[in-house]
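Undergrad: starting from these lines, generate the structure:
(chains A and B)
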There are 2 protein chains.
Amino acid sequence: MTVEEEVLAKIKPGPEEKEKLREVSSEILANVNSAAKKLGIKGITPKLVGSAARGTWISGTHDLDIFIAFPENTSREELEKNGLLIAREVAKEGQNIEERYAEHPYLNMEYRGFDVDLVPCFAVGSASDIKSAVDRTPFHNEFIKMRVTGREDDVLTMKQFMKGTGTYGSELRTQGFSGYLTELLIVHYGSFRNMIRNACNWKPGLEIDMLEHGTVKHNDPLVVIDPTDPKRNVAAALSLNRFAQFIDACREYSEEPSEEFFFPEKNNPMKDREVLDMMHSRGSSFIAIYFNTPDLVDDILYPQLDKMEHSIRALLEEYEFQILNSGYWAKERSIVIVELISAELPYVKKHRGPPVWVKEHAKGFKEKYNNSEDLFSMYIEDGFYVADIRRKFTTAKELLENRIQNCSIGKHIGKIVRSGFTIVEDDDILKIDDPDFRRFLRKWEQGK
Amino acid sequence: MTVEEEVLAKIKPGPEEKEKLREVSSEILANVNSAAKKLGIKGITPKLVGSAARGTWISGTHDLDIFIAFPENTSREELEKNGLLIAREVAKEGQNIEERYAEHPYLNMEYRGFDVDLVPCFAVGSASDIKSAVDRTPFHNEFIKMRVTGREDDVLTMKQFMKGTGTYGSELRTQGFSGYLTELLIVHYGSFRNMIRNACNWKPGLEIDMLEHGTVKHNDPLVVIDPTDPKRNVAAALSLNRFAQFIDACREYSEEPSEEFFFPEKNNPMKDREVLDMMHSRGSSFIAIYFNTPDLVDDILYPQLDKMEHSIRALLEEYEFQILNSGYWAKERSIVIVELISAELPYVKKHRGPPVWVKEHAKGFKEKYNNSEDLFSMYIEDGFYVADIRRKFTTAKELLENRIQNCSIGKHIGKIVRSGFTIVEDDDILKIDDPDFRRFLRKWEQGK
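TA: Modelled structure (predicted):
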């Protein structure tokens, strides 16, 4: 068996799993119809969409996306009200029912072992007339269903390859490939192997427009024009790094295929000794700031952590600390960690003033610093006044303690941070002993 | 008395000094004529040129420039031979005779307390037809003599102002204002005060072309077209920093005139305690490299020291050491000293490789570093491969010891440095206790 056949054997749903899924989804579709009838709501059509509908789900995932399509002329209020009424009626037979919000409310429940979303949408005439983002999904479903037949195995294999290499998932935490994007790419390239072969030579700016109907210039690393909407780039959520990481993985896999790409061994958490060895052998300075993670969904939390990481980098650089690497991690606690050339700087700081010949600024600069207690020396360099002055913050810790509040760190995290945070440096980072954090630290060891 | 009158009283030659100079110079001119006669060399004209000829010498300086003009059709060989013959004959009555070389040989001697140059030149028809750089001087002399009459005091005052503020002298060590340039500027602005007033507003790119005959675009901070040669910028030797320093001094003087600008108190050498306090309060790292000064004239030595300083800065920066300030100093020993943010860096160094999508480079980069013992970690950042590798030199000292030989440091200094040098850091800099060096170090205290 080839590597890919071995992989497929592990992830392809068997006849029983397929039958069960068919049965459960039919049952729910029927329940939606009878609920609507019972409630006197007319004109709706329930549809199974997503990977379950297209036979491209990985064995063991039990997700069902049931869309409840309302006539196009339904008002948004009515759709929201009646959509939820139907969903709640159906959910009477489900467990762990939760109302969630995307562009409009929908309902999530557990039903006979499946994780089911009941999502109201508008039955618009074409994907370019959508009234809400979810209205697009049924069109995606139609387009893929018609073309993916016979290539489901390739989609499955590719999804698993992306999962294993950390590039699957278009949510903001990952910024990788969505399921729909993966399916489109397999349809475009025809097979798993051919897509891998081609991706080895991908470059940013690549545009795939299967129907040659794109109308907008996109500025993303990869552009895949939505066959159901000429204005939309399906790969808009894919980050440059995830794009590059996928290319790199495809090349490595081409050179030496192995199951490890699909099912990588989970890293062991780094032991205290390993963390210390890692830090001491690099000789750099580590500083971490941590706080209680605010109660937010991932798609809000991770962008805020990302923003915080960037703000902290910008703050440190503004005060002349030199950054090597940084990252963030979150569970109950959130941590932003930065590796610096040095967490300490000399007292003296070079402060360049105006050119000597800009008389009005020159005077102000000289007056300001010549009478300052913080001046070490003033001189002319390359035609500019330079004042060697006392640095405000000589350690990164002091700087962060005093200025992190002024950073632009997002509303929710900002609130938490204002109520308290802890800064640890170097060996004290051992105090954070969550095994997942210790796994995260391995990125300083072997690269990711 | 105004400040300027006070100053003038100290620097203006009295009647006696003038009479003595007139007498000695006439005597030498006569001696040149009789030497030529004795040697059977015909057609030469001796001339007194320079500040002595124009009444713009500062009291106490005893320099006489005697030019021996040969007919234009004299060959260069003949001029050099006969010029030296005459000069040697004249010098029989002088002391400390020295043959020196500019574009061609000339003779320097002491004669009745004066420092006399005897310089052969061609008597060309106009300054634009000169056959050798010195041929220009007699034209300068004529131009200034005709115009400076009545403004000699202003020239004297300005020269002293420039001396006091460290901007006088066009030799390569200073890169300031030459005597001729100073005289031209006084002729142009009419007086000391008016020149000071105007210089407060000077900006780089200023062009002064008194005869409106300039033909060439010059790229110097200050352009003063030579009235005797439309192609030449008299201020070509003036550096941007000296230019800026002069502007700054003029402004300071305008605000609060005082004799200090003309006769600054000489700094005291820094005591051990002061040097240590200066270094410790700044908190930065100092490193100095010193060696025996090669036996060179200033106009060769200082450019080579300058070049060495720049090469050392470039070397340190190439290896990621961050420079705050640097300088050089020379007497029997030469010293290049550098102030760094830190003389130590961590073991780890970030090494950015090719973008992931440049396949051919990507492969080479990964192969090179993945098998290297010096690799800490490899990852993708902003679409580029980055290898965190072991730094070659973690201290500035180690780097300089190993790589200074490869620096471009000029022929003569290079030879000396190859035969031996010493590197001292921080407190060990106290070992260099030459009082002049200790004065030089004050630039870190008060700026210059």
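Undergrad: for the stretch 301-448 of chain A, which residues are neighbours of chain B?
TA: A:320, A:322, A:324-325, A:341-342, A:345-348, A:350, A:355-357, A:359, A:362-363, A:376-384, A:388, A:394, A:443-448 (CB under 8 Å from any CB of the partner chain). Yep, even glycine has a C-beta here, placed from its N, CA and C like the rest.
Undergrad: just the ones of the residues you listed in strands?
TA: A:324-325, A:348, A:350, A:355, A:376-381, A:384, A:388 (DSSP state E).
Undergrad: quick one: which two of those are the most distant?
TA: A:325 and A:380 (37.8 Å; CB to CB).
Undergrad: give me the buried subset of the residues of the stretch 301-448 of chain A next to chain B.
TA: Among these, those classed as buried by neighbour count (16 or more other CB atoms under 10 Å in any protein chain shown) are A:322, A:324-325, A:341-342, A:345-348, A:350, A:355-357, A:362, A:376-380, A:383-384, A:388, A:394, A:443-445, A:447.
Undergrad: quickly name whichever of the ones in strands among the residues of the stretch 301-448 of chain A next to chain B is closest to residue B:28.
TA: Closest to residue B:28, out of all of those and judged by CB to CB, is residue A:380, at 42.1 Å.
Undergrad: downstream neighbour of the helix or strand harbouring residue A:20 in the secondary structure list?
TA: For residue A:20, the host element (DSSP states H and E) is helix A:15-39. Toward the C-terminus, helix A:15-39 is succeeded by strand A:45-49 as the next helix or strand (DSSP H and E).
Undergrad: remind me what that next one packs against, helices and strands.
TA: helix A:15-39, strand A:63-71, helix A:137-148 (3 or more CB pairs under 8 Å, 6 or more residues apart in numbering or on different chains; DSSP states H and E).
Undergrad: want to throw these into CSV with distance to residue A:183, mean pLDDT and mean neighbour count?
TA: Listed next are the helices and strands packed on strand A:45-49 as CSV, based on distance: least, CB to CB, whole Å; pLDDT from 0 to 100; neighbours: other CB atoms under 10 Å in any protein chain shown:
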stretch, distance to residue A:183, mean pLDDT, mean neighbour count
helix A:15-39, 18, 96, 15
strand A:63-71, 14, 95, 22
helix A:137-148, 5, 92, 19
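Undergrad: of those, which is nearest chain B?
TA: helix A:137-148 (27.8 Å; CB to the nearest CB).
Undergrad: who are the packing partners of the helix holding residue A:20?
TA: Counting by 3+ CB pairs under 8 Å, 6+ apart, helix A:15-39 packs on strand A:45-49, helix A:50-54, strand A:63-71, helix A:76-91, strand A:114-123.
Undergrad: dump these into a markdown table; add distance to residue A:420 as well.
TA: Listed next are those as a markdown table, based on distance: least, CB to CB, whole Å:
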| stretch | distance to residue A:420 |
| --- | --- |
| strand A:45-49 | 45 |
| helix A:50-54 | 42 |
| strand A:63-71 | 38 |
| helix A:76-91 | 39 |
| strand A:114-123 | 36 |
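Undergrad: up against chain B, what does the stretch 51-200 of chain A have?
TA: residue A:200.
Undergrad: give me the low-pLDDT residue ranges for the stretch 51-200 of chain A?
TA: By pLDDT under 70, the stretch 51-200 of chain A has no low-scoring segment.
Undergrad: phi, psi of residue A:302?
TA: The phi and psi values for residue A:302, taken as degrees, to the nearest 10, are phi -70, psi -40.
Undergrad: how much space separates the closest residue to it other than its chain neighbours from chain B?
TA: What sits nearest to residue A:302 in space, not counting adjacent residues and going by CB to CB, 6 or more residues apart in numbering or on different chains, is residue A:173, at 4.1 Å. Per CB to the nearest CB, to the nearest Å, residue A:173 is found 17 Å from chain B.
Undergrad: from what I can see residue A:115 touches residue A:100, true?
TA: No - counting by CB atoms under 8 Å, residue A:115 stays clear of residue A:100, with 11.9 Å between them.
Undergrad: any common contacting residues for these two?
TA: Taking CB atoms under 8 Å, 6 or more residues apart in numbering or on different chains as the contact rule, residue A:115 and residue A:100 both touch residue A:108.
Undergrad: looking only at neighbour counts, state which of these two leads.
TA: Neighbours per residue (other CB atoms under 10 Å in any protein chain shown) separate residue A:115 from residue A:100, with residue A:115 holding more: 14 against 11.
Undergrad: tell me where the stretch 251-400 of chain A has helices.
TA: A:272-282, A:298-318, A:359-370, A:396-403 (DSSP state H, counting those that start in this stretch).
Undergrad: domain map for chain A?
TA: A:9-135, A:150-261, A:272-344+A:394-446, A:354-390 (automatic domain parsing).
Undergrad: for stretch A:362-374, list the C-alpha coordinates in PDB.
TA: Output of stretch A:362-374 as PDB, limited to C-alpha atoms (Å, rounded to 0.1, in the frame of the first residue of the first chain):
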ATOM      1  CA  ALA A 362      17.700  73.600  16.500                       C
ATOM      2  CA  LYS A 363      17.100  76.200  19.100                       C
ATOM      3  CA  GLY A 364      14.300  74.300  20.800                       C
ATOM      4  CA  PHE A 365      16.200  71.100  20.800                       C
ATOM      5  CA  LYS A 366      19.300  72.700  22.400                       C
ATOM      6  CA  GLU A 367      17.300  74.500  25.000                       C
ATOM      7  CA  LYS A 368      15.300  71.400  25.900                       C
ATOM      8  CA  TYR A 369      18.300  69.200  26.500                       C
ATOM      9  CA  ASN A 370      21.100  71.500  27.500                       C
ATOM     10  CA  ASN A 371      19.200  72.300  30.700                       C
ATOM     11  CA  SER A 372      18.200  68.800  31.300                       C
ATOM     12  CA  GLU A 373      19.500  66.600  34.100                       C
ATOM     13  CA  ASP A 374      19.200  63.700  31.700                       C
END
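Undergrad: what residues does it touch?
TA: A:351, A:353-356, A:375, A:378, A:385, A:387, A:389-390, B:248, B:251.
Undergrad: determine which two of these are furthest apart.
TA: The widest separation within the contacts of stretch A:362-374 (CB to CB) is 25.9 Å, between A:390 and B:251.
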